[in-house]
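> Structural data only, the sequence is not supplied:
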């Protein structure tokens, strides 16, 4: 069963400003929490849901079918949002949700190889039809590439010693399982540094997972395309769980909503230079006390929202 507690659900749905006849996209279908809430508010509108995990598609289909037939589920990486929607005749949307990271069922299912606390073959693929898995990253990537992804995606200050220990271990025999890797990482980190900051393998597993699924690259592409697809007044809501995703989101929203540098002697900003978007949230929305107590994942969740500006708002008469 694909059970997943949706974080910041009420806040996200409120910020979407859902129109009953609108077209909405859930780029991270997961357990279908956001999709179910959106679909229940639609009359003649339509919902499109994306997920790379076929288990999520199957579970969400059953859940959403009980609400309304006005939905289409798409087994695809959300980086293909534009192409997949255009193939279905959808050229504009009224809202889009990104709830990034790994779904609880993916972590909870030991066989998926996401967890450093449950023994399984190294996998970490969100889309189990793709060829690259954590096994190939750990056993085939060069030392320099391992250091790069551990620094960039895990912000791991012991990246070099961990990469070196991985390199040494795989010379003796392939590193096959999650617990093997977790122990190797632990042995590469000084004892004093292991006393704080949670499990010592947490950042390494995060980095490898992001690399396997190209999570940041896919998000960068999909966020730009989702914003381009927005109709006037449409909104994109993004929930992030770590600083790398949040940085991409914040940077994209700031750049899209600011007036470019112009000569100081220009009295009126030309139409072509007016921003097409406005940030609805200057600071991210975070979970309230009740949700924090009920759901541990909510502690790191940040919600940012941006809106497409209508033409008459750019230069009001």
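All right, it came through fine. Fair warning: this is a prediction, and the values are worked out from it, not measured in the lab. Residues are numbered from 1 along each chain as shown.
> just how off-centre is the host helix or strand of residue 81 within its chain?
Per DSSP states H and E, residue 81 falls inside helix 81-87. Here helix 81-87 is found 19 Å from its chain centre; the criterion is C-alpha atoms, centre = their mean, to the nearest Å.
> what does stretch 239-257 give?
11 Å.
> I'd like to know which elements the helix holding residue 81 is packed against.
With contacts taken as 3 or more C-beta pairs under 8 Å, 6 or more residues apart in numbering; DSSP states H and E, helix 81-87 sits against strand 46-51, helix 215-229. No exception for glycine: its C-beta is placed from N, CA and C like everyone else's.
> List the buried residues for the longest one?
This means helix 215-229. Residues of helix 215-229 classed as buried by neighbour count (16 or more other C-beta atoms under 10 Å): 215, 216, 218, 219, 220, 221, 222, 223, 225, 226, 227, 229.
> Quick check: phi and psi at residue 284.
phi -70, psi 150 (degrees, to the nearest 10).
> For the residue lying closest to it once chain neighbours are set aside, list the residues it contacts.
Take residue 284 and drop its neighbours on the chain: the residue closest to it by C-beta to C-beta, 6 or more residues apart in numbering is residue 302, 3.7 Å away. By C-beta atoms under 8 Å, 6 or more residues apart in numbering, the contact set of residue 302 is 239, 240, 241, 246, 284, 285, 286.
> Quick check, the fifth one in contact with residue 305.
Think residue 284. No - shown here, residue 284 and residue 305 do not form a contact pair, counting by C-beta atoms under 8 Å, at 9.0 Å.
> which of the two has more neighbours?
Between residue 284 and residue 305, counted using other C-beta atoms under 10 Å, the more crowded position is residue 305 (22 against 17).
> quick one: pLDDT of that one?
Here, the pLDDT recorded for residue 305 equals 98.
> re the thing from before, among the contacts of residue 302, list the two that are farthest apart in space.
241 and 285 (13.7 Å; C-beta to C-beta).
> quick one: the residue most central in space within the chain from residue 189, how far?
The structure's the chain has its C-alpha centroid closest to residue 100; by C-alpha atoms, centre = their mean the separation is 2.3 Å. In this view, residue 100 and residue 189 are 27 Å apart by C-beta to C-beta, to the nearest Å.
> for residue 94, same thing?
48 Å.
> who has more neighbours, these two?
A direct count of neighbours by other C-beta under 10 Å for residue 94 and residue 189 places residue 94 higher, at 23 against 20.
> doesn't residue 20 make contact with the more buried one?
No - counting by C-beta under 8 Å, residue 94 sits too far from residue 20 to count as a contact (10.5 Å).
> where do the contact lists of these two overlap?
Common contact partners of residue 94 and residue 20 (C-beta under 8 Å, 6+ apart): residue 45.
> before we move on, the earlier item: from the buried residues of helix 215-229, which is closest to residue 145?
So of those, ranked by how close each gets to residue 145 (C-beta to C-beta), first place is residue 216, at 15.6 Å.
> In contact with the closest one, which residues are there?
So residue 216 contacts 153, 210, 244, 245, 248 (C-beta under 8 Å, 6+ apart).
> now swap in residue 300 and tell me
241, 242.
> how about 6 Å then?
residue 241 (C-beta atoms under 6 Å, 6 or more residues apart in numbering).
> hang on, residue 18 packs against residue 39?
No - look at residue 18 against residue 39 with C-beta atoms under 6 Å: they stay out of range, at 9.8 Å.
> Angles on the backbone of the spatially closest residue to residue 281 that is not a sequence neighbour, please.
Excluding its sequence neighbours, the residue lying closest to residue 281 (C-beta to C-beta, 6+ apart) is residue 305, at 4.8 Å. Backbone geometry at residue 305, expressed as degrees, to the nearest 10, gives phi -140, psi 140.
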